[in-house]
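Novice: Test case, fold it:
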Amino acid sequence: MKAATSAFTVRPTSSRPLAGTWTLLRFALRRDRVMIPLWVAVNALMVLSMPGTLESLYGTPAERADLMRQMETNSSLRAMVGPVFDDSLGALTAWRAGVYAAALAAVMSLLIVVRHTRDEEESGRQELVASGMVGRRASLTAALLTAAVANGLLALLLAAGLSGQGASGALAFALGIAGTGMLFATMAAIVAQLTESARLARGLTAGVLGAAFVLRAAGDSATADGSSVLTWLSPLGWLENLRAFADERWWVLLLIAGAALAQGAVAYELTGRRDLGMSFLPTRPGPANGRLSTAGALAWRLQRGSVLGWSIGFFLAGLVYGGMTEGAADLVGDNEQARQIIERMGGQSGLTDAFVASMIGMLGLIAALYVVGSVLRLTGEETSGRAEPVLAAAVGRLRWAVGHLAIAFGGAAWIMLLAGAGYALAYGKDVGGILSACLVQLPAVWVIGGAAVLLHGVLPRAAVGAAWGVAGAVLLLGWVGPALDVPQTVLDLSPFGHLPKVPGAEMSWGPVLVLCAIAATLVAGGLAGLRHRDMTT
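Specialist: Here you go, the predicted model:
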């Protein structure tokens, strides 16, 4: 009777809990041979481009000392990028890029872990793997090792690239970034045991990352030295308190490593206490009729949590950016290089208008990540087998897909409007111009979403990696390109490079209409491909 658990429970044949780990690790690295190098390259390039950029912006000790004085008094800017602990180029690099590099490493890590744990169970592939000579904890171990390989590669690139600024600081900074990535990898491993849905596991872990950013921002706005309790409650705050290139606090690395190991131990314990495919927080079944009787209603139910999370995040981001707009002129001061970078991002119609346009442009780039993730929900529904019973009923492929695309493209408009509302509320000026600037971003966001639809319809097996690759490349061009003074012909490869720089510049409808037409063409091509191809299994 003891061995008779559930008839549907699949238990590993091997009595060794880690049997088959290396085989699964090699398989995971092969599957991620595009995604991992892309994420690592984007993150490393962003960080390693900073010393040269900062040297051109703050080339003299007087300019750096003035920057430190401004950061001590400007709480809004501290909330965005954190406090400055030293005026060396290495310390300024850690200040300017540390939080964002750690956030990118965290996102990369949680995607890797969820993909190779809960995604595999949800698709049914883990059931086949577990029926062989594979240990009970082998899949989780392989997923965490894959995340460790990705973060280790990132750490090597950062330590080598920043060694010219100081070997000790470069090592501390690289280990801090990699450690933060592994902290969220083990957190994702726990969440993957608690939920039945890979989508929910990714969303909850990303929500924790967003909360960590908010806590750090709130703490840094209150104090100029990172000593706030709120800062210490955030893993991103731990990274800045490591103080790379500024009399490093090596013991903070022990805090990060200890938290990651503790979370990993919890994940391993949970793995040993549940059946394959099950979770500790089972999904509550929904109604079979009424509000859930249409394909669009089903799509909304599946994606409403994601829309809510992005909505809250964008509204808060708008509040933060709006609150720091008044301090933009103080931060730039007489620094001509900084002024030129902001004008390349936001236009040359005045520093404040250029700053508003550049910040809203950054929100547009991030909204492109939302629309890609929402479109790729179609791919997840196919590969998990959930689309098959829906399409077996009186629901056509186009009707099924359009339900999800309405959430993706309409949701992008909604979160940009919320960002504009938050921005206008905090800034208190030019409400119409700010909302217009937010809506102007949508054609470029929709082009990226249209590319994801086309990839899903024509190349479904490569859609996930290719779509995120397009979004990552556009994000890199928009984020780093203006600071590196990349030629305009290269910046124009991004759809965001063709948008009018409102609120300061005159509204130009030509590029907006062309981008809308391109987005519609890409969506139509993707739907045509979906209609005529076999469904992914």
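
Novice: and the nearest residue to Leu48 once chain neighbours are set aside, how many neighbours?
Specialist: Of all residues not flanking Leu48 in the chain, Gly161 sits nearest, at 4.2 Å (C-beta to C-beta, 6 or more residues apart in numbering). C-beta: built from backbone N, CA, C; applies to glycine. Neighbourhood size, Gly161 [other C-beta atoms under 10 Å]: 18.

Novice: Please apply the same query to Trp250.
Specialist: There are 12 residues near Trp250, going by other C-beta under 10 Å.

Novice: so who does the spatially closest residue to it that is not a sequence neighbour touch?
Specialist: Across the structure, with C-beta to C-beta, 6+ apart as the measure, the residue nearest Trp250 apart from its sequence neighbours is Ala172 (6.8 Å). Residues near Ala172 by C-beta atoms under 8 Å, 6 or more residues apart in numbering: Leu242, Ala244, Phe245, Glu248, Trp250, Leu253.

Novice: Closest one of those to Ala91?
Specialist: Phe245 (4.1 Å; C-beta to C-beta).

Novice: Next, that closest one: secondary structure please.
Specialist: Remark: Phe245 carries the secondary structure label coil [criterion: DSSP: H, G, I helix; E, B strand; the rest coil].

Novice: picking that back up, out of the contacts of Ala172, which is most surrounded?
Specialist: When these are compared by neighbour count (other C-beta under 10 Å), Ala244 ends up highest, at 31 neighbours.

Novice: wouldn't it be in contact with Phe173 here?
Specialist: Yes: taking contact to mean C-beta atoms under 8 Å, the distance of 3.7 Å between Ala244 and Phe173 places them in contact.

Novice: Between those two, which contacts overlap?
Specialist: Residues within reach of Ala244 and of Phe173 at once, by C-beta under 8 Å, 6+ apart, are Gly90, Ala94, Gly98.

Novice: so what's the second one closest to, chain neighbours aside?
Specialist: Spelled out, it's Ala94. Of all residues not flanking Ala94 in the chain, Ala244 sits nearest, at 4.4 Å (C-beta to C-beta, 6+ apart).

Novice: what about that neighbour, distance to Asn43?
Specialist: Note on Ala244: its distance to Asn43, by C-beta to C-beta, to the nearest Å, is 16 Å.

Novice: pLDDT score for the residue sitting nearest the centre point of the chain?
Specialist: Against the mean C-alpha coordinate of the chain, by C-alpha atoms, centre = their mean, the closest residue is Val107 at 5.1 Å. Note for Val107: predicted pLDDT of 88.

Novice: give the contact list for it.
Specialist: With C-beta under 8 Å, 6+ apart as the criterion, the residues that contact Val107 are Phe184, Ala206, Leu209.

Novice: out of these, which is most surrounded?
Specialist: Taking other C-beta under 10 Å to define a neighbour, the member of the contacts of Val107 with the most is Phe184, carrying 30 neighbours.

Novice: So what does that residue have for phi and psi?
Specialist: Geometry field for Phe184 lists phi and psi as phi -80, psi -20, criterion degrees, to the nearest 10.

Novice: Likewise for Ser131?
Specialist: Given degrees, to the nearest 10, the pair of backbone angles that Ser131 has is phi -80, psi -10.

Novice: same deal with Thr195?
Specialist: Dihedral angles for Thr195 - degrees, to the nearest 10 - are phi -120, psi 150.

Novice: residues near Val447, how many?
Specialist: Around Val447 sit 27 other residues, with neighbours defined as other C-beta under 10 Å.

Novice: which regions of the stretch 301-450 of the chain lie under the pLDDT threshold?
Specialist: Applying pLDDT under 70 to the stretch 301-450 of the chain picks out residues 327-351.

Novice: show me where it has helices.
Specialist: Using DSSP state H, counting those that start in this stretch, the helices assigned to the stretch 301-450 of the chain run over residues 328-332, 336-346, 351-375, 377-383, 387-392, 397-427, 431-440, 442-458.

Novice: CA atoms only for the fifth one - export them in PDB, please.
Specialist: Right, the one you point to is helix 387-392. Extracted as PDB, the C-alpha positions of helix 387-392 are listed here (Å, rounded to 0.1, in the frame of the first residue of the first chain):
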ATOM      1  CA  ALA A 387      -4.300  24.800 -27.400                       C
ATOM      2  CA  GLU A 388      -5.300  21.400 -28.800                       C
ATOM      3  CA  PRO A 389      -8.500  20.900 -26.900                       C
ATOM      4  CA  VAL A 390      -9.500  24.500 -27.400                       C
ATOM      5  CA  LEU A 391      -9.100  24.200 -31.200                       C
ATOM      6  CA  ALA A 392     -10.900  20.800 -31.200                       C
END
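
Novice: So which residues of the stretch 51-200 of the chain form helices?
Specialist: Using DSSP H, counting those that start in this stretch, helices in the stretch 51-200 of the chain cover 61-73, 75-81, 89-116, 118-123, 125-130, 138-161, 167-194, 198-222.

Novice: helix or strand right after the last one?
Specialist: So the one you mean is helix 198-222. Helices and strands here follow DSSP states H and E; after helix 198-222, the next one along the chain is helix 229-232.

Novice: quick one: average pLDDT of that following helix?
Specialist: The average pLDDT within helix 229-232 is 91.

Novice: Which residues does it contact?
Specialist: Surrounding helix 229-232, the residues in contact under the criterion C-beta under 8 Å, 6+ apart are Leu215, Arg216, Ala218, Gly219, Asp220, Ala222, Thr223, Gly237, Trp238, Glu240, Asn241.

Novice: gap between the spatially closest residue to Ala160 that is not a sequence neighbour and Leu89?
Specialist: Here the nearest residue to Ala160 in space, its sequence neighbours aside, is Ala170; by C-beta to C-beta, 6+ apart that works out to 7.8 Å. With the distance defined as C-beta to C-beta, Ala170 ends up 11 Å from Leu89.

Novice: Check Gly380 too.
Specialist: Relative to Leu89, Gly380 is positioned 43 Å away (C-beta to C-beta).

Novice: Buried ones only from the contacts of helix 229-232, please, as a ChimeraX command.
Specialist: The following ChimeraX selection, which keeps only the buried ones among the contacts of helix 229-232, applies the criterion 16 or more other C-beta atoms under 10 Å:
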select :215,216,218,219,220,237,238,240,241
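
Novice: Check the contacts of helix 229-232 and tell me the two furthest apart.
Specialist: Using C-beta to C-beta, these reach their maximum pairwise distance at Ala222 and Trp238, which is 16.9 Å.

Novice: returning to what we had before: quick one, what contacts the residue nearest to Ala160?
Specialist: Counting by C-beta under 8 Å, 6+ apart, Ala170 makes contact with Gly90, Leu158, Ala159, Ala160, Gly161, Leu162, Ser163, Ala244, Phe245.

Novice: Same list, those residues, but as a markdown table with pLDDT please.
Specialist: Converted to a markdown table, the contacts of Ala170 look like this (pLDDT from 0 to 100):
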| residue | pLDDT |
| --- | --- |
| Gly90 | 91 |
| Leu158 | 96 |
| Ala159 | 95 |
| Ala160 | 95 |
| Gly161 | 94 |
| Leu162 | 94 |
| Ser163 | 92 |
| Ala244 | 93 |
| Phe245 | 93 |
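
Novice: For Leu405, state which of these is nearest.
Specialist: Out of the contacts of Ala170, the member with the shortest distance to Leu405 (by C-beta to C-beta) is Leu158, at 38.1 Å.

Novice: hang on, isn't that closest one packed against Ala41?
Specialist: No: using C-beta under 8 Å, Leu158 makes no contact with Ala41, being 11.9 Å away.

Novice: Between these two, which is the more surrounded one?
Specialist: Summary of the neighbour comparison: Leu158 and Ala41, criterion other C-beta under 10 Å, with Leu158 having more neighbours (27 against 15).

Novice: show me where pLDDT drops low in the stretch 151-300 of the chain?
Specialist: Ranges of the stretch 151-300 of the chain meeting pLDDT under 70: 275-293.

Novice: who's in contact with Ser75?
Specialist: For Ser75, the set of contacting residues under the criterion of C-beta under 8 Å, 6+ apart consists of Asp220, Ser221, Ala222.

Novice: If we ignore the residues flanking it in sequence, what's nearest Asp220?
Specialist: In space, not counting the residues next to it along the chain, Asp220 is nearest to Arg78; the distance is 4.4 Å by C-beta to C-beta, 6+ apart.
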